[in-house]
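Novice: I need the structure of the sequence given here:
(chains A and B)
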Protein chains: 2
Amino acid sequence: MSTQPATVNEIDLAVIGRLVERCGNDPEAAQTSWTARTRWTGGFRSASYVREHAPIVTDEPKGLAGSDTAPNPVEYVLAALGSCLTVGYTAAAATQGIELRSLEIEVNGNLDLRVFLGLDQGHAGYSRIEVTAHVDSDADEDQLQRLHESVVATSPVGHTLENPIALQARLVKA
Amino acid sequence: MSTQPATVNEIDLAVIGRLVERCGNDPEAAQTSWTARTRWTGGFRSASYVREHAPIVTDEPKGLAGSDTAPNPVEYVLAALGSCLTVGYTAAAATQGIELRSLEIEVNGNLDLRVFLGLDQGHAGYSRIEVTAHVDSDADEDQLQRLHESVVATSPVGHTLENPIALQARLVKA
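Specialist: The predicted structure follows:
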């Protein structure tokens, strides 16, 4: 007789199971809404508030006229992708019974500053982002490769980057 | 005789001027490369390392099987956009001599969890993101509206979201 472990990769499979069941039975339960409130704190520094968590602080490097007290916004995009893929990896591995010993994801992107600086027209952002996932696990290579592909193919941050997103921005004068 | 102020919105105009001049004279100087290294720290928690800065920590809410010790990756995307627009606002305002008294940017997005959970195919990410910029300044409404539009039109994170980005992800088994 084999028993199903309660947690894999420190993830409670019962909570995952209930979440999948609830969202499967009721598509409305899968609709989530997220908010960040960013407050300028002087220079290029800001603090972004999310729920009850400590603020997410950002700045720019000194070469970009910042005071370099924190990562900058484009670095946070890369961290968001790395952390999203990490959640996907550990969740999918857990539900497949794959124990991960370690997982480290490197994310790289190149940016041309000229559009931001008003020196050129076109694309001010990343046009390509490269990810390398370093995984240590007893699972075999094929199993890990399938895990890798499924994680990349279902990542909320990955899809947000890969697809064109409609931004609606309005100004309210205080 | 009028004198040009050295700093506006706590931003050193001489540093901005030198950056624009350098990137204008030498397009190679405008090419920047950014990296984040995300390390899984158990459950859905991770720490992302950027240059020498304190790690960017993430988690998931308890309802999503996390331990809710930090914002989650999709919240970091919204914070990255809010903070990027803040940099754009303060930089563009500074170079136009517009003093900002305060700036707060709210960023909202909705997500359908079913694709991430394997319950549906399609788009796992945000399909639309809404931004509201609250600006307090003596500048007139037309001037602020033009500022707002130019900032949104040149934001590196905004463009990264609005355009389809190529993700290249590879697996390295440890």
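Novice: Find the nearest non-adjacent residue to residue A:76, please.
Specialist: Using C-beta to C-beta, 6 or more residues apart in numbering or on different chains and skipping residues adjacent in sequence, the residue nearest residue A:76 is residue B:80, 3.9 Å away. Glycine gets a C-beta too; all of them are placed from N, C-alpha and C.
Novice: And residue A:51, by the same measure?
Specialist: residue B:71 (7.1 Å).
Novice: So the one you found sits against residue B:56, correct?
Specialist: No. Using C-beta atoms under 8 Å as the test, residue B:71 is too far from residue B:56 to be in contact (9.3 Å).
Novice: quick one, helices of chain A?
Specialist: A:13-25, A:73-95, A:141-153, A:156-162 (DSSP state H).
Novice: and the last one, C-alpha only, in CSV?
Specialist: Extracted in CSV, the C-alpha atoms of helix A:156-162 (Å, rounded to 0.1, in the frame of the first residue of the first chain):
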residue,chain,number,x,y,z
PRO,A,156,1.2,34.0,-15.7
VAL,A,157,4.1,36.4,-15.8
GLY,A,158,5.6,34.6,-18.8
HIS,A,159,2.3,34.9,-20.7
THR,A,160,2.0,38.5,-19.7
LEU,A,161,5.4,39.2,-21.3
GLU,A,162,4.9,37.0,-24.3
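Novice: Show me what that helix is packed against.
Specialist: Packing partners of helix A:156-162 (3 or more C-beta pairs under 8 Å, 6 or more residues apart in numbering or on different chains; DSSP states H and E): helix A:73-95, helix B:73-95, helix B:156-162, strand B:166-173.
Novice: before we move on, back to that, show me what contacts the residue nearest to residue A:76?
Specialist: Residues in contact with residue B:80 (C-beta atoms under 8 Å, 6 or more residues apart in numbering or on different chains) are A:58, A:73, A:74, A:76, A:77, A:80, B:157.
Novice: 6 Å instead, please
Specialist: For residue B:80, the contact set (C-beta atoms under 6 Å, 6 or more residues apart in numbering or on different chains) comprises A:73, A:76, A:77, B:157.
Novice: Please indicate which of those has the highest neighbour count?
Specialist: residue A:77 (31 neighbours; other C-beta atoms under 10 Å in any protein chain shown).
Novice: what are the pairing partners of the biggest strand by length in chain A, and which direction each?
Specialist: Longest strand in chain A, counting residues (DSSP state E): strand A:100-112. In the sheet, strand A:100-112 lines up against strand A:128-137 (antiparallel), strand B:31-40 (antiparallel) (DSSP bridges).
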